[in-house]
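Undergrad: Below are the sequence and a predicted model for it; my questions follow.
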Amino acid sequence: MKILKNFLRTAALIALIGSGQACKKNNTGNQDSEFKYTYQNKTVALAGGTYLLADGQAHLFLEPAGVHGAVHFIFSNSNKIPTGTYSLNGNSSTPTNFVAGSLGSSEASPLGDAMTGGKVTIERSGGGYAVSFDVNTAKGNAKGDFTGNFKAR
């Protein structure tokens, strides 16, 4: 219950902070983008990455080339972009876990669909990061990858 409350509080904070960015249309990239993910039989091009460090948590966002479809990972007890392979598990005391995540935000579902399981791998790559993920929601599986820099929100 505590994790759900923290997740909802953090999601509201992120929605408030990101609301100015959510109104902007990002026209970089297209469905043929080198970086993308597939979810519910749709391919979403990824145009960039952002991060937010707040309340002892690191939030990583893979931003879509269009308005909707961001991927969001939350890591507890982190004051930087984490690197390694992480499994979804609400237990924030285990360093190999990420505690929550969502994907596929839309007007109908601004926070997206909550992740229910899966893994994400984050590695340093040149001056940026390489991220690959294979996660599940109640609506199905999503797989994708992104390589690039993360900008602070």
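TA: Perfect, I can see it now.
Undergrad: which residues in this protein form strands?
TA: For the chain, the strands defined by DSSP state E cover 36-39, 42-54, 57-64, 71-76, 84-88, 97-98, 100-103, 113-125, 128-137, 140-148, 150-152.
Undergrad: Averaged pLDDT, the fourth one. What do you get?
TA: Strand 71-76 shows a mean pLDDT of 93.
Undergrad: got it, and the first one?
TA: If you average the pLDDT over strand 36-39, you get 93.
Undergrad: ditto for the last one
TA: pLDDT averaged over strand 150-152 equals 95, rounded to a whole number.
Undergrad: That strand pairs with which strands?
TA: Strand 150-152 has its sheet partners listed here by DSSP bridges as strand 42-54 (parallel).
Undergrad: now this structure, which segments are flagged as low pLDDT?
TA: Scanning the chain for pLDDT under 70 picks out the ranges 1-33, 91-95, 107-108.
Undergrad: do that again at 50, thanks
TA: For the chain, the stretches flagged by pLDDT under 50 are 1, 4-5, 7-8, 11-32.
Undergrad: re earlier: need the strands of the chain in JSON lines with mean neighbour count, can you?
TA: C-betas here are computed from N, CA, C, even on glycine. Below are the strands of the chain laid out as JSON lines (neighbours: other CB atoms under 10 Å):
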{"stretch": "strand 36-39", "mean neighbour count": "20"}
{"stretch": "strand 42-54", "mean neighbour count": "18"}
{"stretch": "strand 57-64", "mean neighbour count": "23"}
{"stretch": "strand 71-76", "mean neighbour count": "24"}
{"stretch": "strand 84-88", "mean neighbour count": "16"}
{"stretch": "strand 97-98", "mean neighbour count": "22"}
{"stretch": "strand 100-103", "mean neighbour count": "24"}
{"stretch": "strand 113-125", "mean neighbour count": "16"}
{"stretch": "strand 128-137", "mean neighbour count": "19"}
{"stretch": "strand 140-148", "mean neighbour count": "18"}
{"stretch": "strand 150-152", "mean neighbour count": "13"}
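Undergrad: Good, we can wrap up now.
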